[in-house]
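1. Sequence and predicted structure below; questions after.
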Amino acid sequence: MTIGKIEKHGYMSNSTGNGKHLIWQSLLDFLPDAVFLAPISKDGVHGNFVEVNKTACERLGYSKEELLQLNARSINPKANLSKIKAFGRGIQREKEIIFEAIHEAKNGEHIPVEVVAKVIQIDKQDYVLSVVRDLRLSKNLDNIESRFGRLMEHAWDEIYVFTSTECRLVQVNYSVLNNLGYSTAEILEKNFLELNPELSNDDFREIVKSLFSGEQSQISFESSILRKDGSVYPVEVRLQLSHSEVPAVFLANVHDISQRKKMEKRLTYLATYDSLTGLANRTLFIDRLKSEMDSCKRNNVLTAVLFIDLDGFKSVNDSYGHDVGDKLLQEVAQRFRRIVRSSDTIARMGGDEFTFIITNLKCMSALDIVLEKIKSTFSLPYEINQRTINITPSIGATVYPFSDNDDPYSILKQADTAMYHAKKEGKNNHSLYTAVIAEGEYLEARINQDSRSALEKKEFSLFMQPRVNLQTGQIVGAEALIRWIHPELGFIPPTDFIPVVEKNGMIHEISDWVLKTALDFLKQAQLLNESFKVSVNISIKQFERRDFLEKITTAIDQARIKASDLELEITEGLLISNQAQAVAVLSELKAKHILVSLDDFGTGYSSLSYLKEFPIDILKIDRTFIQDLEKNKEGFEIVKAVVNLAHTLGLTVVAEGIETAAHYECLKKIGCEEGQGYYMEKPIPIDAFLSLLSSRRSI
């Protein structure tokens, strides 16, 4: 409350009246500023205070009684008497005087103050009425504003203040001037939207609608800023609406996101393009194929998908190194680029595999022209690091919408299948996907390719099928059976993948893994049954290796098991492939006490002479002889004769494919020692088998 308002309401007149005095005192105590009332003589000397308010007492640290014993000189120790007298005389000539001073509190603290003073008369006596404001708060605010101003001026981000009505700029910081190239005068002639070429007034008003409604206190959006030289750079704008001025103003913090955009662009490139060749990768290829398939339907045109594999590329890597191989792939990509249109897509799937999307084909003959162009790119040799390299392609093709599939992945798979068919037909060839290309060919090709990494990816597992003593029902052993669960193709039977891995050489790594896993299982099983044995199937390729015996004995030694607890199952085909070698190897196995069983006896080129010529320990009767054992009298007699002959030669007989109780009883009656089949238990995972063995020792 100002002095004028105090006088206007008459609070200073007749202060001795009790009622009015109480009102006056209450109002004084309510004021946030300190109020002092002191008499003044004609020579300007102030007397002791006759009235003070609560704020004055609190600020100076005195009680009211103490403060009424003091005067202006007491709380202004730095002001000399002559100045105070001059002030007293001078104030009588002015309506109101405002000045700054330093008050001293009771504890000695110096307080900067602003004093508004005026001479008033009460009962014909002159008094000085002083309203005193503490300047410490305003000083702090000044400091804060000063610091804020420095922060704004030197902030890295651009800061704009502009009107909410016309977006006219009223203040910017140094970063704005530095980044945009304008002077202060030039920039303040513009509005904010002029600097945002991509942002129309309508769009901006829609963006800031939530600020005006109060739904949000701050919003952010991406835009771009136009420099004085015409260049544009991307920014993120954080915007607030301030109502501290009329009209309201926008406060914009603008951050340059050029580096972030470059990084995003780089990451997008890495996610959609092959880093070695610069061609599209699988992700981008599939995306574009989807678009082209939709376009085919709308425009009634054809789209061809080609899958290309480089014949003999592996030998290039093996002979010259991966550096040469990488440069060869880059050169192939360059030649491919020269023969396609801008509307077509070339991609690298990985390794030496490339794919094409050929768009807007009017007829099938147009595809033949493209295929010949691709082949022609390989007609000239490649010169890499002073080496001349000749290489050819195998090309598979499929055409949409002739294909009956709307899934881009399936379309690509068809081209892949056709490529494998072309490679199988003699390489440097092309093949168009048709119904004639059987699913089996694709499966074989996938097995050939994926088996190379299936072991590393732990897609193989080992199942165990119990072997049972038919006379006692006790579980005496197990046959190890490999299983392959492919992530895309599902379960692949051993009959499908074993011949393929024998061809591509992966059989050796797989067989080593099977043997080690089976022996690890054996050690666990023997903790539950000391006499337990395990049998492992041996392929022809594995048997023919020079280090076959060494690998078997090393595995036994490392597993620390008895050699007689391992049984190796071989087939008749293995025996007749090289009889002399077979006899030699089997004899060494016999000498090391490793058991050998002849699997699937009774099929193929079965001959009883095998039982005499080869050192065999166990004879396994094929399931085909067991199927009708209880119904077919002749079959029963054949099995009986085989069992008796085997016993005469000192061989143990194991029957496979026991599926019913009748089978079990017939074989038991004949005197067959052991058997396996679904009647007792199907092949189960190792953990399940160990649980079975621990819970029951017999069937």
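-> That came in fine, so what should we check first?

2. Low-confidence regions, the stretch 551-699 of the chain specifically.
-> Applying pLDDT under 70 to the stretch 551-699 of the chain flags residues 577, 602-610, 697-699.

3. Helices along that one, start to end?
-> Assigned by DSSP state H, counting those that start in this stretch, the helices in the stretch 551-699 of the chain fall at 572-577, 579-591, 609-613, 633-648, 661-670, 686-695.

4. Quick one: the ones you listed as JSON lines, columns for mean neighbour count and distance to Met364 too.
-> All C-beta atoms are positioned from the backbone trio N, CA, C, and that covers glycine. Output for the helices of the stretch 551-699 of the chain, formatted as JSON lines (neighbours: other CB atoms under 10 Å; distance: least, CB to CB, whole Å):
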{"stretch": "helix 572-577", "mean neighbour count": "17", "distance to Met364": "46"}
{"stretch": "helix 579-591", "mean neighbour count": "15", "distance to Met364": "54"}
{"stretch": "helix 609-613", "mean neighbour count": "13", "distance to Met364": "57"}
{"stretch": "helix 633-648", "mean neighbour count": "15", "distance to Met364": "57"}
{"stretch": "helix 661-670", "mean neighbour count": "18", "distance to Met364": "58"}
{"stretch": "helix 686-695", "mean neighbour count": "15", "distance to Met364": "54"}
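
5. of all the ones you listed, which lies closest to Leu239?
-> Closest approach to Leu239 among the helices of the stretch 551-699 of the chain (CB to CB): helix 686-695, 61.8 Å.

6. Determine the set of other helices and strands touching the closest one.
-> Counting contacts by 3 or more CB pairs under 8 Å, 6 or more residues apart in numbering; DSSP states H and E, helix 686-695 is packed against strand 460-469, strand 475-486, helix 507-526.

7. Looking at these, which is nearest to Arg136?
-> That would be, of these and by CB to CB, strand 475-486, which comes in at 79.2 Å.

8. what's the spacing between the residue nearest to the spatial centre of the chain and Asp628?
-> Per CA atoms, centre = their mean, the C-alpha nearest to the average position across the chain is that of Ala271, at 11.9 Å. Relative to Asp628, Ala271 is positioned 61 Å away (CB to CB, to the nearest Å).

9. circling back to that earlier point, nearest to Ala248, of the helices of the stretch 551-699 of the chain?
-> Counting by CB to CB, and looking across all of the helices of the stretch 551-699 of the chain, nearest comes helix 686-695 at 71.8 Å.

10. Next, the angle strand 460-469 makes with the closest one.
-> Counting by axes from the mean of the first three to the mean of the last three CA atoms, to 10 degrees, helix 686-695 lies at 30 degrees to strand 460-469.

11. sorry, back to before: got the contact list for the residue nearest to the centre of the chain?
-> 281, 283 (CB atoms under 8 Å, 6 or more residues apart in numbering).

12. Would you tell me what helix or strand it is located in?
-> helix 258-272 (DSSP states H and E).

13. Which other helices and strands does the following helix or strand past that helix contact?
-> Later in the chain than helix 258-272, the nearest helix or strand by DSSP H and E is helix 282-299. Secondary-structure packing of helix 282-299 (3+ CB pairs under 8 Å, 6+ apart): helix 258-272, strand 302-311, strand 345-350, strand 353-361, strand 392-400, helix 408-424.

14. can you redo these as JSON lines with mean pLDDT and distance to Tyr382?
-> JSON lines is the format used below for the helices and strands packed on helix 282-299 (pLDDT from 0 to 100; distance: least, CB to CB, whole Å):
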{"stretch": "helix 258-272", "mean pLDDT": "83", "distance to Tyr382": "27"}
{"stretch": "strand 302-311", "mean pLDDT": "93", "distance to Tyr382": "11"}
{"stretch": "strand 345-350", "mean pLDDT": "92", "distance to Tyr382": "16"}
{"stretch": "strand 353-361", "mean pLDDT": "93", "distance to Tyr382": "15"}
{"stretch": "strand 392-400", "mean pLDDT": "92", "distance to Tyr382": "11"}
{"stretch": "helix 408-424", "mean pLDDT": "88", "distance to Tyr382": "20"}
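
15. for those, which one sits closest to Tyr233?
-> Comparing the helices and strands packed on helix 282-299 against Tyr233 with CB to CB, the closest turns out to be helix 258-272 (5.1 Å).

16. Using CSV, write out every CA atom in the closest one.
-> Below are the C-alpha coordinates for helix 258-272, written out as CSV (Å, rounded to 0.1, in the frame of the first residue of the first chain):
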residue,chain,number,x,y,z
SER,A,258,21.2,-32.8,-39.0
GLN,A,259,23.5,-35.3,-37.4
ARG,A,260,20.7,-37.4,-36.1
LYS,A,261,19.0,-37.4,-39.5
LYS,A,262,22.3,-38.5,-41.1
MET,A,263,22.6,-41.3,-38.5
GLU,A,264,19.0,-42.3,-39.1
LYS,A,265,19.6,-42.3,-42.9
ARG,A,266,22.7,-44.4,-42.3
LEU,A,267,20.9,-46.9,-40.1
THR,A,268,18.1,-47.1,-42.7
TYR,A,269,20.7,-47.8,-45.4
LEU,A,270,22.4,-50.5,-43.3
ALA,A,271,19.0,-52.1,-42.6
THR,A,272,18.0,-52.2,-46.3
